[in-house]
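Engineer: only geometry, no sequence info:
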């Protein structure tokens, strides 16, 4: 999944559900700041899931970050007279 991020303080909500499509019961969830994924060489880390405020297991998250070029002073167009 690719996301364009404008604010690194926003949160990502991750919810893990049972594999059986007939049950679809939630196994656990977590919230992470988008800034968690901002590492130029990528990030790979186990994240704790919770269900009803109790630990429910861990998942391995892998993420990559590609910064976009930022133009602070764009070139001015010449004025035609």
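Structural biologist: Yep, it's here. On a predicted model such as this, the values are computed, not experimentally measured, just so you know. Numbers count the residues shown, from 1 in each chain.
Engineer: tell me the average confidence for stretch 66-81?
Structural biologist: For stretch 66-81, mean pLDDT rounds to 59.
Engineer: check the gap between the residue nearest to the spatial centre of the chain and residue 12 for me.
Structural biologist: Nearest to the mean C-alpha position of the chain, by CA atoms, centre = their mean, lies residue 34 at 4.7 Å. For residue 34, the distance to residue 12 equals 6 Å [CB to CB, to the nearest Å]. Just so you know, the C-beta spots here come from the backbone N, C-alpha and C atoms, and that holds for glycine as well.
Engineer: in the chain, which spans are strands?
Structural biologist: Ranges of strands within the chain are 11-17, 26-33, 43-51, 54-63, based on DSSP state E.
Engineer: which residues touch the first one?
Structural biologist: Taking contacts as CB atoms under 8 Å, 6 or more residues apart in numbering, the residues outside strand 11-17 that touch it are 24-34, 36-37, 47, 49, 59, 61.
Engineer: which of the residues you listed are buried? Put it as a PyMOL command.
Structural biologist: A single PyMOL command suffices to select whichever of those are buried according to 16 or more other CB atoms under 10 Å:
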select buried, resi 28+30+32+34+36+37+49+61
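Engineer: just send the strands of the chain back as TSV, with distance to residue 4 too.
Structural biologist: Output for the strands of the chain, formatted as TSV (distance: least, CB to CB, whole Å):
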stretch	distance to residue 4
strand 11-17	13
strand 26-33	16
strand 43-51	18
strand 54-63	14
